[in-house]
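[1] The sequence and its predicted three-dimensional model are supplied below.
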Amino acid sequence: MAILVIEDEPKTGDYLQRGLSESGFTVHLARNGRDGLFIAREEEIDLVVLDVMLPRMDGWQVLEALRGDPATEQIPVLFLTARDEVEDRVRGLELGADDYLVKPFAFVELLARIRTLLRRGPVREEELIRIGDMEIDVLRRRVRRGGQAITLTAQEFALLHLLARRQGQVLSRSLIASQVWDMNFDSDTNVIDAAVRRLRRKIDDPFSDKLIHTRRGMGYVCESGAVQ
């Protein structure tokens, strides 16, 4: 599988090229948007990792050109945004990005998202996730349950989003630790359990239908109507 990384920041570009190469991918690296677009059109590329702020041609222009060319319109594009702003995410998705990731990011999550896109083909990030009477507006980072707005910290939202987008799947503490905290799981720490307890106070405690459930010895699962 060949991945094209279009990233002008030298350390980030080299880091991505090295990490993806070590993960078994053929990696093409472009330092500006115009060179990246040329490579995408000339080489057999399976996926593009695209930064927003690029010289010569920014990420918006590159994405628009990719989607406007029959030869490249089906290539999955994972968009990198330097700032976690709604406008950036909305604009990228509207132009045809298949997924987005906010800098700084955990390499393990980038790798997981890349593998998902390559396995399934172009899959757009869900803009609205519904579980029972809870709605998660992914782009605007807003959560409502039973018509009530629920205020979450950035970390609480990241944890809920991970559980929700994998609803029905039991997620181990080690997976949660690596994707939300970018750390190796230590069996002696209660960081994950404490974070889940704080999230439950806001998401579950005021409601009769509990959405976040413990699977003893396995991890946590988010689903409606499950037995605790």
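    In hand now; what should we look at?
[2] wait, L29 sits on G13?
    Yes - counting by Cβ atoms under 8 Å, L29 does reach G13; the two are 5.5 Å apart. The C-beta positions use only the backbone N, C-alpha and C, and glycine is treated the same way.
[3] ok, now how distant is the residue nearest in space to the middle of the chain from L117?
    Among the residues of the chain, the one closest to the centroid is L101, at 5.0 Å (Cα atoms, centre = their mean). Note on L101: its distance to L117, by Cβ to Cβ, to the nearest Å, is 11 Å.
[4] shared neighbours of the two, anything?
    Residues within reach of L101 and of L117 at once, by Cβ atoms under 8 Å, 6 or more residues apart in numbering, are L78.
[5] domain assignment for the chain?
    Split into domains by automatic domain parsing, the chain comes to 2-120, 128-222.
[6] ok, of those, where does mean pLDDT dip lowest?
    Mean pLDDT across the domains of the chain is lowest at domain 128-222; the value there is a mean of 86.
[7] what about it, start to end distance?
    End-to-end distance for domain 128-222, by Cα to Cα, to the nearest Å: 16 Å.
[8] just checking, G59 touches E7?
    No - between G59 and E7 there is no contact under Cβ under 8 Å: 9.7 Å.
[9] List the buried residues in stretch 65-79.
    For stretch 65-79, a neighbour-count test (16 or more other Cβ atoms under 10 Å) marks 65-66, 72, 75-79 as buried.
[10] Tell me which two in these are the farthest apart.
    A65 and L78 (16.6 Å; Cβ to Cβ).
[11] Could you pull out the helices in the chain for me?
    10-22, 33-42, 59-67, 86-95, 107-120, 154-165, 173-176, 191-203 (DSSP state H).
[12] What about S21, how many residues nearby?
    13 (other Cβ atoms under 10 Å).
[13] try E223
    Using other Cβ under 10 Å, E223 has 17 neighbouring residues.
[14] Can you work out which residues contact both of L29 and G13?
    Joint contacts of L29 and G13 (Cβ under 8 Å, 6+ apart) are 5, 7.
[15] about what we covered before: determine which stretch of the domains of the chain is the most buried.
    For the domains of the chain, average neighbour numbers computed from mean count of other Cβ atoms under 10 Å are highest in domain 2-120, which has a mean of 17.
[16] Closest one to L47 out of the buried residues of stretch 65-79, please.
    Taking Cβ to Cβ as the measure, L47 lies nearest P76 of these, at 4.8 Å.
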